[in-house]
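1. coords below, sequence missing:
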């Protein structure tokens, strides 16, 4: 998080503000860019708000099965749905000079994006602060207000147009930090994408021979956001076909790890499924314990 803070508080950083709007079919966007740069006071407001939203919160993997409530969730940028399309929309707005004005303002945007950039040691560093666009009725108390004046925008005391001051997501390099999970979901549809991933694997999951009741496992996951997103990420990064695994192989491999001592097995060496071990089963897929199941050698590398 310090990487982000160092960029946004640096007086030498340039920042551009965009409004993103969904366009046509799912996953496509168009953007408009603010016609005037943010002044120092507004930069300081966002820097202060960033520290306000981060506080002393710990960082945990977004799809971690066991994470504390209230943590800042972290995911790899490569897992972020639609981000490439969003970046393309920002670039198009810059190239075409699509500037926000009174005529093209719609108050129907998906997100506000603050794009920071600075050069340090001949290297360009970028970070993005992203917030769900909130209409008038939900303005945040620390918001920065703007009004249309002629063909530009100027900060106003009247509540005409608002940069709502919220920061829901922060991105730097290859890391995404989720500060406000509900708003993050609304902007990036992370959960919706996860539901589609899990649904597409339903037949495969229900054919897992190493579980005594794979259908019950699937039903216990569906409808639960945390379990669904965790399982989806695991399935996307799966190192093999789990329906091909024999129960005895799974039991033998997992018995070598203390993490799975809580699992019990039936007479056919199948894991006995109960809701209490759902997260452990997801752990089998998520961590590269899974690699052990498809290899003769034991390789224990966390993070998949």
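-> Everything's here; your move. Every value quoted in this text rests on a predicted model; they were computed, and no experiment measured them.
2. right, and residue 218 touches residue 202 too?
-> Yes: with contact defined as Cβ atoms under 8 Å, residue 218 counts as touching residue 202 (6.2 Å). All C-beta atoms are positioned from the backbone trio N, CA, C, and that covers glycine.
3. what are the ranges of the strands in the chain?
-> 14-22, 29-33, 59-61, 72-76, 111-120, 123-132, 144-149, 152-155, 161-163, 169-172, 175-178 (DSSP state E).
4. dump the ones you listed to a markdown table, plus mean pLDDT.
-> Formatted as a markdown table, these follow (pLDDT from 0 to 100):
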| stretch | mean pLDDT |
| --- | --- |
| strand 14-22 | 92 |
| strand 29-33 | 95 |
| strand 59-61 | 82 |
| strand 72-76 | 89 |
| strand 111-120 | 93 |
| strand 123-132 | 94 |
| strand 144-149 | 72 |
| strand 152-155 | 78 |
| strand 161-163 | 70 |
| strand 169-172 | 96 |
| strand 175-178 | 94 |
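5. where do the helices sit along this structure?
-> Under the criterion DSSP state H, helices of the chain are mapped to 2-8, 40-54, 83-96, 181-188, 190-200, 202-205, 214-221, 225-236, 247-254, 278-286, 289-293.
6. in terms of mean pLDDT, which of these ranks lowest?
-> With a mean of 68, helix 289-293 has the lowest mean pLDDT of the helices of the chain.
7. ok so, going back, out of residue 218 and residue 202, which sits in the more crowded spot?
-> residue 218 (21 against 12; other Cβ atoms under 10 Å).
8. so what's the more buried one up against?
-> Contact analysis of residue 218 by Cβ atoms under 8 Å, 6 or more residues apart in numbering lists 198, 202, 205-206.
9. just the pLDDT at the residue nearest to residue 152 when sequence neighbours are not counted, thanks.
-> Leaving aside its sequence neighbours, residue 152 sits nearest to residue 35 (Cβ to Cβ, 6 or more residues apart in numbering; 5.0 Å). Here, the pLDDT recorded for residue 35 equals 85.
10. burial measure for residue 35, as a count.
-> Neighbours of residue 35 (other Cβ under 10 Å): 14.
11. residue 73 contacts residue 180, correct?
-> No: judged on Cβ under 8 Å, residue 73 makes no contact with residue 180 at a distance of 10.1 Å.
12. what about those two, which has more around it?
-> Taking neighbours as other Cβ under 10 Å, residue 73 and residue 180 compare with residue 73 leading, 21 against 17.
13. as a quick check, tell me the outermost residue of the protein.
-> Residue farthest from the centre of the chain, counting by Cα atoms, centre = their mean, is residue 267 at 41.3 Å.
14. excluding chain neighbours, give the residue nearest to residue 228 in space.
-> Distances taken as Cβ to Cβ, 6+ apart place residue 194 nearest to residue 228, at 4.9 Å, with adjacent residues excluded.
15. so what's the one you found up against?
-> Contact partners of residue 194, counting by Cβ under 8 Å, 6+ apart, are 228-229, 231-233.
16. 7 Å instead?
-> Each residue near residue 194 by Cβ atoms under 7 Å, 6 or more residues apart in numbering is listed here: 228-229, 232.
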